[in-house]
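Chemist: Quick one: sequence and predicted model below, then my questions.
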Amino acid sequence: MQIPHKKKINKITPVLLYKPTQNYLEKFQDDYYDKPRKCPQCKSSNRKKLTVEEKLFCIIIVNGKFKRITVFVLRFQCKDCSKTYYAKAPFYDKLMYGKPIVDLILYLAAKNPFHRIETKLLEYGIQVDEDTCRNYAIKFQDKVKKYAKISVLGKEVGINLLKVMFGVENVKELKRKYPHKKFDSVSDETYPAIKGAKKKFEEINKWRKLRGEEPFKYPDGWTLAVSYLAMLKLFASIVITATSFNRMFADALMEPLNGSDYDLTDGSPCYNSDNHERCLFHKAKNLAKKDKQLKKMKKEKEPPDEIRKYLKEEYKKLEDEQLNLLREKYPIFVVDGNFIGAATTNAMEGGNWRLKYELRTSYSNLNAVTARSILICLQDSIYTFRNGIPDESFAHKHTTFSFGKIMGC
């Protein structure tokens, strides 16, 4: 770790923001922890005491100077396997700072890039560098994969967010716990650009245009696929990869959706399920590409308002047809004659596109973008305020998730 630069809390930062936090952290100064625990390697309780060690709990900024908050922790040695380990203390294994600092970093990582977390912590009067913030988020990702990974043909390809939040393997198990709820799922992909790809993309396309070649449509990006339970407004699974989306990734993404009332996708042949439905919007787009009347109107240079009116009328016909079909197939989603389930992937665009927006910056490292994406999905699902008003989500009411549960596994 690099020696951090000297820092000062901004004079316009309210004392109420950082002083209570610092007072809370200072209470840990010189605390002593000696309560024994089982050996983390062999689970034996047969141990002997070794030495008491001073451990750094955190660093706070007081009057422009760094103040180290340290605690004392008894170290044990297992008599069965000879492994040495610490007594029960407010630390996660192999992480330097105390649990409250790590949890705060992970919480902030759901809304901020890593360089921004460092400046946010400064507002609380806490010193943690950008690299440490990134490393802790990646450590969380590693723990999540260990706890709730999705594997296909022995290859780890995704994360089961239902297991992370509720301790269940799929929608079928969640439905047993909450049979009165409706479970319509939506799956889609987005492609956040890899760091530096946009600039390279613009330069390549500039030269392709000069040579009269067809420009590329999109820069190189990560494949970020998510599934979403639309009525419950929560993410069910996530797959992030550097390679193109394919059948294997689609199967992994939809594995936790087993038991959902129906699965809605953009119509990609990669998806395969018994109760698969196609997004109305994507279906309309594909039909518009083959519409002879539309081609004729464009060729004859009809006024844009006329073309827009024609498309609106055709979409309304398709919408009525699609909704009638969905009402017949899934009557549990019909209320007062209206179909209330997801009919387009727009049902998750607030999640899918918000996920891409919340990343805020591009990443060159797969682990870093994966870590942030998982944290964003969890934060977006477990909410207590939305659309400008207090609104406790289904996930917040019923989740068993905590950072400690994952980091301690």
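Modeler: Yep, that arrived.

Chemist: Only C-alpha atoms from now on, for both contacts and neighbour counts.
Modeler: Fine.

Chemist: what stretches of the stretch 251-400 of the chain score poorly on pLDDT?
Modeler: 347-352 (pLDDT under 70).

Chemist: Run the chain-centre distance for the top strand by length along the chain.
Modeler: The strand that spans the most residues within the chain, counting by DSSP state E, is strand 47-62. Strand 47-62 has its C-alpha centroid displaced from the chain centroid by 33 Å (Cα atoms, centre = their mean, to the nearest Å).

Chemist: Also stretch 382-393?
Modeler: For stretch 382-393, the distance to the chain centre is 18 Å (Cα atoms, centre = their mean).

Chemist: For that stretch, list the C-alpha coordinates in PDB.
Modeler: Extracted C-alpha coordinates of stretch 382-393, given in PDB (Å, rounded to 0.1, in the frame of the first residue of the first chain):
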ATOM      1  CA  ILE A 382     -33.000  -3.600  -1.200                       C
ATOM      2  CA  TYR A 383     -34.400   0.000  -1.100                       C
ATOM      3  CA  THR A 384     -36.600   2.000   1.300                       C
ATOM      4  CA  PHE A 385     -37.100   5.100  -0.900                       C
ATOM      5  CA  ARG A 386     -38.100   5.300  -4.500                       C
ATOM      6  CA  ASN A 387     -39.800   7.700  -6.900                       C
ATOM      7  CA  GLY A 388     -39.400  10.600  -4.400                       C
ATOM      8  CA  ILE A 389     -41.300   8.900  -1.600                       C
ATOM      9  CA  PRO A 390     -40.600   6.400   1.200                       C
ATOM     10  CA  ASP A 391     -41.200   2.900  -0.200                       C
ATOM     11  CA  GLU A 392     -39.900  -0.300   1.400                       C
ATOM     12  CA  SER A 393     -39.100  -2.900  -1.100                       C
END
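
Chemist: Name the surrounding residues that touch it.
Modeler: By Cα atoms under 8 Å, 6 or more residues apart in numbering, the surrounding residues in contact with stretch 382-393 are Leu232, Lys233, Leu234, Ser381, Phe394, Ala395, His396, Thr399.

Chemist: what's the answer for stretch 287-297, then?
Modeler: Here stretch 287-297 has contacts from Ile307, using Cα under 8 Å, 6+ apart.

Chemist: can you rerun that using 10 Å?
Modeler: Applying Cα atoms under 10 Å, 6 or more residues apart in numbering, the set of residues contacting stretch 287-297 from outside is 281-282, 285, 298-304, 306-307, 310-311, 314-315, 318.

Chemist: now do the same end-to-end measure for it.
Modeler: 15 Å (Cα to Cα, to the nearest Å).

Chemist: do the same with stretch 236-246
Modeler: Using Cα to Cα, the two ends of stretch 236-246 sit 19 Å apart.

Chemist: so how far is stretch 331-344 from its chain's centroid?
Modeler: With Cα atoms, centre = their mean, you get 28 Å for stretch 331-344.

Chemist: buried set for it?
Modeler: Phe333, Phe339, Ile340, Gly341, Ala342, Ala343, Thr344 (16 or more other Cα atoms under 10 Å).

Chemist: ok, now how distant is the fourth one from Glu156?
Modeler: This points to Gly341. For Gly341, the distance to Glu156 - Cα to Cα - is 32 Å.

Chemist: ok so, going back, redo the contacts of stretch 382-393 as JSON lines? Include neighbour count and secondary structure.
Modeler: JSON lines is the format used below for the contacts of stretch 382-393 (neighbours: other Cα atoms under 10 Å; DSSP: H, G, I helix; E, B strand; the rest coil):
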{"residue": "Leu232", "neighbour count": "16", "secondary structure": "coil"}
{"residue": "Lys233", "neighbour count": "20", "secondary structure": "coil"}
{"residue": "Leu234", "neighbour count": "27", "secondary structure": "strand"}
{"residue": "Ser381", "neighbour count": "24", "secondary structure": "helix"}
{"residue": "Phe394", "neighbour count": "17", "secondary structure": "helix"}
{"residue": "Ala395", "neighbour count": "22", "secondary structure": "helix"}
{"residue": "His396", "neighbour count": "18", "secondary structure": "helix"}
{"residue": "Thr399", "neighbour count": "17", "secondary structure": "coil"}
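
Chemist: Tell me which two in those residues are the farthest apart.
Modeler: Maximum pairwise distance among those (Cα to Cα): 13.4 Å, between Lys233 and Thr399.
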